[in-house]
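S.K.: Provided below are the primary sequence and the corresponding predicted coordinates.
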Amino acid sequence: MSIQSIESSTQNNKADFNQHLPLHIANLICVRAGKAMPFAREQMSAIDKAPIKAPVAVNFMGLTTDEQADRRHHGGPLKAVHQLPPASYEKINAEFGLKVRIGTLGENLTTEAVDGLPEMDESTVCIGDVFEYGEDGVNGSNDDDKNNNVQLRIVQPRRPCYKINDQIGQFTKVPNIAAWVSKQGIAGWYFQVVRDGIIDADLPVYLIERPYPFATLEKLWQLSNSKEKFALEVIEPWLAIECLEESWKTVLAKKIRKD
C-alpha cells in the first residue's frame with residue numbers, strides 16, 4: 001500500500017473535525033464498566049462491559065468502577081479508557097452473520113455524532129486529540145462544573161487479542177475474528193486521562209485540542225501493518241508525536257526505508 005493510498009483513504013472524513021475548537025462533535029450515549037470474572041482458558045477477564053446507571057469518577061487509571069484482570073496487557077495510564085465505534089459491531093455482525101451486542105468487546109465509551117458531523121471512528125480521530133465531557137465547563141460558565149469535566153487524550157489504537165475470539169466464541173463457533181478485526185483496523189483506541197473528573201451518559205463531547213491533524217488512527221494502523229517501507233519524511237512526523245505510546249513508535253521506526 002503506497003503512502004498516497006493511505007493519505008487518500010482518510011482525507012474525506014478527517015477534515016470535518018479540523019475546525020475551530022472547541023467543537024461539539026458527539027454526545028456520550030453510554031458509559032460501561034466491567035468486573036473481572038472467570039473466562040475462557042481458565043483465566044479471568046473483565047472484557048464484558050455493562051452500562052453504568054449513575055455518574056462515575058475517572059482518575060489517571062480510568063473509571064474507578066472498571067476492572068482489568070490482566071494488568072500487564074490492559075489498563076494503566078496509557079490504556080485508561082477504551083472507546084470502540086458502534087459501527088465496528090455492525091461490520092463484525094455483517095461479516096460473520098452474528099448479533100454481537102455493543103459492550104461485548106471491552107469498550108467503556110459509546111458516542112453518537114451530532115450536527116451532521118461524522119461518527120468518531122478510526123478515520124476521523126487522531127493521536128493527540130483531547131476531548132472534554134460536559135458542556136458548562138467548555139463554555140466557561142461554571143468553574144465547579146469545569147473542574148468536574150473529564151478530559152481524555154488519544155494515545156494509541158487498541159491491538160486486538162485472542163480474548164476477542166474467546167469472548168465471541170462463547171456465543172458461536174467462528175474462526176479467528178481477532179485477526180479479521182486487526183486486518184480491518186476497527187479495534188478502537190485508548191485514552192490517557194488528562195484531567196480527572198466525573199463522567200456520565202448524555203454528556204456532550206467536545207474536541208478541544210487537535211495538535212496532529214494528520215495522525216488519524218486509520219493512517220497509523222495502515223502504516224504500522226504495511227509490508228512496505230517508507231521514506232524518512234513520511235515516518236518522522238509520527239516519531240515526533242510526544243504522546244504516541246512508545247511501542248507504536250518502535251514499529252514505525254522499522255518502516256523507514258534505507259535509501
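M.R.: Received it, and whenever you're ready, just let me know what you need.
S.K.: Tell me which stretches of the protein form strands.
M.R.: Taking DSSP state E, the strands of the chain run over residues 23-33, 37-38, 44-45, 50-51, 56-59, 62-63, 81-83, 109-113, 130-133, 150-157, 189-195, 197-199, 204-209.
S.K.: between the ones you listed, which gets nearest to Lys173?
M.R.: Closest approach to Lys173 among those is made by strand 44-45 (19.0 Å; C-beta to C-beta). From N, CA and C alone the C-beta is placed, and that goes for glycine too.
S.K.: surely Gly197 meets Val58?
M.R.: Yes - using C-beta atoms under 8 Å as the test, Gly197 is close enough to Val58 to be in contact (5.9 Å).
S.K.: My guess is Arg32 contacts Asp48. True?
M.R.: No - the pair Arg32 / Asp48 is not scored as a contact, 9.2 Å apart, by C-beta under 8 Å.
S.K.: Identify the contacts common to the two.
M.R.: By C-beta atoms under 8 Å, 6 or more residues apart in numbering, Arg32 and Asp48 have these common neighbours: Gly103.
S.K.: Counting neighbours, go ahead and name the busier of these two.
M.R.: Using other C-beta atoms under 10 Å as the criterion, Arg32 and Asp48 rank with Arg32 on top: 22 against 17.
S.K.: Quick one: end-to-end length of stretch 60-67, please.
M.R.: Stretch 60-67 has an end-to-end distance of 14 Å (C-alpha to C-alpha, to the nearest Å).
S.K.: List the buried residues in that stretch.
M.R.: Met61, Gly62, Leu63, Asp66, Glu67 (16 or more other C-beta atoms under 10 Å).
S.K.: Stretch 211-220 too?
M.R.: Result for stretch 211-220 [16+ other C-beta under 10 Å]: buried residues Tyr212, Ala215, Thr216, Leu217, Glu218, Lys219, Leu220.
S.K.: first vs last residue of that stretch, how far apart are they?
M.R.: 15 Å.
S.K.: same thing with stretch 113-133?
M.R.: 14 Å.
S.K.: now stretch 32-51
M.R.: First-to-last distance for stretch 32-51 - C-alpha to C-alpha - comes to 4 Å.
S.K.: need the helices for the protein, in chain order.
M.R.: Here the chain has its helices, by DSSP state H, at 3-8, 11-14, 86-96, 135-139, 143-148, 162-169, 177-184, 217-225, 232-239, 246-253.
S.K.: give me the beta-bridge partners of Ala26?
M.R.: Under the criterion DSSP bridges, Ala26 forms beta bridges with Ala113, Val205.
S.K.: I meant Val81, not that one.
M.R.: The partner residues for Val81, given DSSP bridges, come to Phe191.
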